[in-house]
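K.L.:
What follows is a predicted structure for the sequence shown.
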Amino acid sequence: MEKREQLYEGKAKKVFKTDDEELYIVSYKDDATAFNGLKKGTIVGKGVVNNRLSNHFMRLLEKVGVPTHYVEELNDRETLVKKVTIVPLEVIVRNIAAGSLSKRLGLPEGTPMKMPVIEYCYKDDDLGDPMVNEYHIFAMDICTKEELDIIAGYALRVNAFLLDYLKDKQIELVDFKIEFGRTTDGTIILADEISPDTCRFWDSTTHEKLDKDRFRRDLGGVEDAYAEVMRRLLGE
Ligand code: TMP
Ligand code: ASP
């Protein structure tokens with residue numbers, strides 16, 4: 001598949017057109033940002049880990065009934081995906097209190113939630129991705145009620161599957177963020193990525209952080225943590 005002009009460059013990925021109107025190529029970078037781009041850095045090898053892990057998760061999720069944008073892994077950093085228009089929502093699912101939820105609600109990090117918590121943030125960098133609820137989403141016409149029902153259902157299915165799958169690999173799934181897109185015919189599918197950039201992964205025994213919080217919080221050992229997740233999940 002020929003790579004054509006670059007459509008978009010985000011903080012962690014570039015997106016290219018291809019010969020096929022319905023397919024894009026995403027290319028994962030080693031660039032890391034946090035706090036809405038205020039903190040910048042590089043995590044060596046991150047692009048490879050995130051590309052390979054995200055594809056691995058999406059292939060597994062397809063098998064449990066979550067449609068995704070994944071088509072084919074082209075090389076270590078590049079993947080062929082279905083063209084979508086992103087629904088401008090960050091869909092966050094939480095099993096254990098951490099990060100912004102801990103701050104907002106005064107719950108110590110590590111507090112288990114009695115049930116999975118879904119939160120939505122409106123994707124707008126200028127506004128700092130503010131949290132919104134169903135009323136805002138429908139009133140602003142971000143998506144329809146039918147679409148949000150599908151999105152929430154898939155988000156919970158992703159959570160249930162990944163919780164169980166990662167437990168076997170000695171990883172606690174604390175929380176994660178996913179995004180959905182609409183294909184040309186309007187079908188809602190899982191898009192963007194699922195990786196240590198977009199999830200909180202804690203070692204089940206030591207609770208050591210194995211994700212981007214090591215970069216956000218200057219904990220050191222960022223590359224080692226990403227490599228460790230890849231080793232546990234892909235055996236390399
Ligand atoms: P938070 O606790 O900072 O709100 O983050 C919740 C989850 O969402 C966590 O797994 C990290 C992920 N996340 C992103 O993927 N992108 C973002 O821009 C933010 C703020 C969080
Ligand atoms: N990548 C996001 C940013 O730069 C935030 C994050 O993952 O913490 O804003």
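P.N.:
The structure has been received and is ready for your questions. For clarity, every value in this text was computed on a predicted model and none was experimentally measured. Numbers count the residues shown, from 1 in each chain. Ligands and ions are numbered 1, 2, ... in the order given.

K.L.:
how near is G41 to T33?
P.N.:
Counting by CB to CB, to the nearest Å, the separation of G41 from T33 is 8 Å. Heads up, the C-betas are built off the backbone N, CA and C, glycines and all.

K.L.:
Between those two, point out the one with more neighbours.
P.N.:
T33 (17 against 13; other CB atoms under 10 Å).

K.L.:
part of a strand, is the more buried one?
P.N.:
Yes. The assignment for T33, made by DSSP: H, G, I helix; E, B strand; the rest coil, places it in a strand.

K.L.:
surely it meets K39?
P.N.:
Yes. The pair T33 and K39 qualifies as a contact (CB atoms under 8 Å) at a distance of 6.4 Å.

K.L.:
For the closest residue to ligand 2 within the chain, list each beta-bridge partner.
P.N.:
Residue of the chain nearest ligand 2, by CB to the nearest ligand atom: T33 (3.2 Å). Applying DSSP bridges to T33 gives these bridge partners: K40.

K.L.:
Now do the contacts for it.
P.N.:
If a contact means CB atoms under 8 Å, 6 or more residues apart in numbering, then T33 has 11-12, 39-41 as its contacts.

K.L.:
Relative to F201, which of those is nearest.
P.N.:
Closest approach to F201 among these (CB to CB): A12, at 16.9 Å.

K.L.:
Am I right that that closest one is in contact with A32?
P.N.:
Yes. The criterion here is CB under 8 Å, and A12 meets it with A32 at 7.3 Å.

K.L.:
Name the residues contacting each of those two.
P.N.:
46, 197.

K.L.:
Tell me which two of the contacts of T33 sit farthest apart.
P.N.:
Farthest pair in the contacts of T33, by CB to CB: A12 and K39, 13.4 Å.

K.L.:
how about the residues of this protein near ligand 2?
P.N.:
11, 33-37, 212, 216 (CB under 6 Å from any ligand atom).
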